[in-house]
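Visitor: predicted model follows, preceded by the sequence.
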Amino acid sequence: MKTHYAVFVVVVATIFGSSCRNDNSDVHAAANAGVIKSAPTIESELAAFRSDMTVAPRSLVGAPTRDSLVRLFQKALASNDSTALKRLEITREQFAYLYYPESKLARPPYELNPQTMWMQIDAQRQRGLRLLLARYGGRKLKVRGLECRQPERENAVVIHQCLVVTSDAATPMQLFGSILERDDQFKFVGYANRL
């Protein structure tokens, strides 16, 4: 019985020892071969995100005020004009050059990479636009005003979060996502809404 136990201990020790040596030798070999890489930086991920872009926009080319942006939104919705509504949103290039580098989400502790952040914005934008057009497209939305929180400054950009006060609803509604302000120009980040 003692002999079997001793053989068992030797076998287990041999297996464990060889697996540790193999694990360590693999790590050392990989390190010596330069295979172990550090995590990508936000700068490298942003460069990769921008790599297929031919234009680096210098401006939002947006509305001159927050209220005028909402009036353009109201007009495009009344005429069921999805193309006009899309022009009121930031483009992928504007996101990459004018919004993302200034966003707090690009910095610690968040460090959300640009591809993931854009995918989230784009998915909410597409869904929100469909819902908007289905519910209000071709109808004159009677906007009485906006209820906005205190704007948040993120370096060169200002983010506005607003609800729309209409004659049709008892309470203010979220019909679009954030409004981005940069250099006295305004555009929607997207059409995330609660319809």
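Guide: It's in.
Visitor: so where's the protein shaky on pLDDT?
Guide: For the chain, the stretches with pLDDT under 70 are 1-38.
Visitor: wait, L133 sits on S82?
Guide: Yes - here L133 lies in contact with S82, judged by Cβ atoms under 8 Å, at a distance of 6.2 Å. Any C-beta I mention is one placed from the backbone N, CA and C, and that applies to glycine too.
Visitor: next SSE downstream of the helix or strand L129 falls within?
Guide: Per DSSP states H and E, L129 falls inside helix 114-136. Downstream of helix 114-136, the next assigned helix or strand under DSSP H and E is strand 143-148.
Visitor: residue contacts, the residue nearest the centre of the chain?
Guide: In the chain, the C-alpha nearest the mean C-alpha coordinate belongs to M117, at 2.2 Å (Cα atoms, centre = their mean). Contact analysis of M117 by Cβ atoms under 8 Å, 6 or more residues apart in numbering lists 100, 103, 105-106.
Visitor: give me phi/psi at H160?
Guide: Main-chain torsions, H160, degrees, to the nearest 10: phi -110, psi 130.
Visitor: count of residues packed around the closest residue to it other than its chain neighbours?
Guide: Nearest non-adjacent residue to H160, counting by Cβ to Cβ, 6 or more residues apart in numbering: I179, 4.0 Å away. Around I179 there are 24 other residues, counting by other Cβ atoms under 10 Å.
Visitor: also F49?
Guide: Counted with other Cβ under 10 Å, F49 comes out at 19.
Visitor: looks like it contacts W118 (just checking).
Guide: Yes - shown here, F49 and W118 form a contact pair, counting by Cβ under 8 Å, at 7.3 Å.
Visitor: between those two, which contacts overlap?
Guide: With Cβ under 8 Å, 6+ apart, F49 and W118 have common neighbours A96.
Visitor: got the domain ranges for the chain?
Guide: Taking automatic domain parsing as the criterion, the chain consists of the domains 1-37, 42-188.
Visitor: what segments of this structure are helices?
Guide: Remark: helices assigned in the chain by DSSP state H are 2-33, 42-50, 66-78, 82-87, 92-94, 114-136.
Visitor: what angle separates the last one from helix 42-50?
Guide: If you take axes from the mean of the first three to the mean of the last three Cα atoms, to 10 degrees, helix 114-136 sits at 50 degrees to helix 42-50.
Visitor: what about K142, how many neighbours?
Guide: So K142, with other Cβ under 10 Å, has 11 neighbours.
Visitor: any idea how far P109 is from it?
Guide: 43 Å (Cβ to Cβ, to the nearest Å).
Visitor: same question for S167.
Guide: On the measure of Cβ to Cβ, S167 and P109 end up 43 Å apart.
Visitor: now swap in V165 and tell me
Guide: Computed as Cβ to Cβ, the V165 to P109 distance reads 35 Å.
Visitor: cool, and A56?
Guide: Following Cβ to Cβ, the distance that separates A56 from P109 is 28 Å.
Visitor: of these two, who's got more company?
Guide: Set side by side, A56 and P109 show more neighbours around A56, with 10 against 5, by other Cβ under 10 Å.
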